[in-house]
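Novice: Below are the sequence and a predicted model; questions follow.
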Amino acid sequence: MIIAITCVIAIAVIAFVLGVRPKDLPEPEPVSPFAHLDERKAAIYENLRDLQFEYRVGKLSDADYQHTKQDLQKELAAVLAEVDQLKASLGQPVRPQEAPRLEGSKAEKPKPGGFTCPSCGASFEKDLKFCGECGKPMKAVTV
Ligand SMILES: [Zn+2]
């Protein structure tokens, strides 16, 4: 067994010395300047997912989780900023900042209704004469 391993190592060394690579590395294709940033972004998202999973199964303490998450989010923000910078330098329209989305934190904002009560701020889809919340007249709001 040891002899076999030694042989394999010897062959590998000889191959290396002769300049034969064990794996022929593919030539780097002409990729978009965003490719490496996209890769980094994807890696960070994956790390965040893993982190969240480990936290859920109790592998991480709360402090560790928060600390690592913050680090990753900082990293992500840096990558996104770099993407925007790159786009700006290439004259491409900068897309709105993409907020890092984590599972289970889909905080959807309630859609504001078409009409809002000037007294209490309650919103309604219908144009009501009187506010359904506080009962005050709502006519003033509708333009
Ligand atoms: Zn009201």
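Specialist: Yep, it's here.
Novice: moving C-terminal of the top helix by length along the chain, what's the next helix or strand?
Specialist: The helix that spans the most residues within the chain, counting by DSSP state H, is helix 62-89. Downstream of helix 62-89, the next assigned helix or strand under DSSP states H and E is strand 115-116.
Novice: Mind checking if the helix or strand just after that next one is in reach of the ion?
Specialist: On the C-terminal side of strand 115-116, the closest following helix or strand by DSSP H and E is strand 123-124. No - residues of strand 123-124 contacting the ion under Cβ under 5 Å from the ion: none, with a closest distance of 9.2 Å. Glycine gets a C-beta too; all of them are placed from N, C-alpha and C.
Novice: so what strands line up beside strand 123-124?
Specialist: Strand pairing for strand 123-124, using DSSP bridges, gives strand 115-116 (antiparallel).
Novice: For the partner strand, give me every contacting residue.
Specialist: 122-128, 138, 141-142 (Cβ atoms under 8 Å, 6 or more residues apart in numbering).
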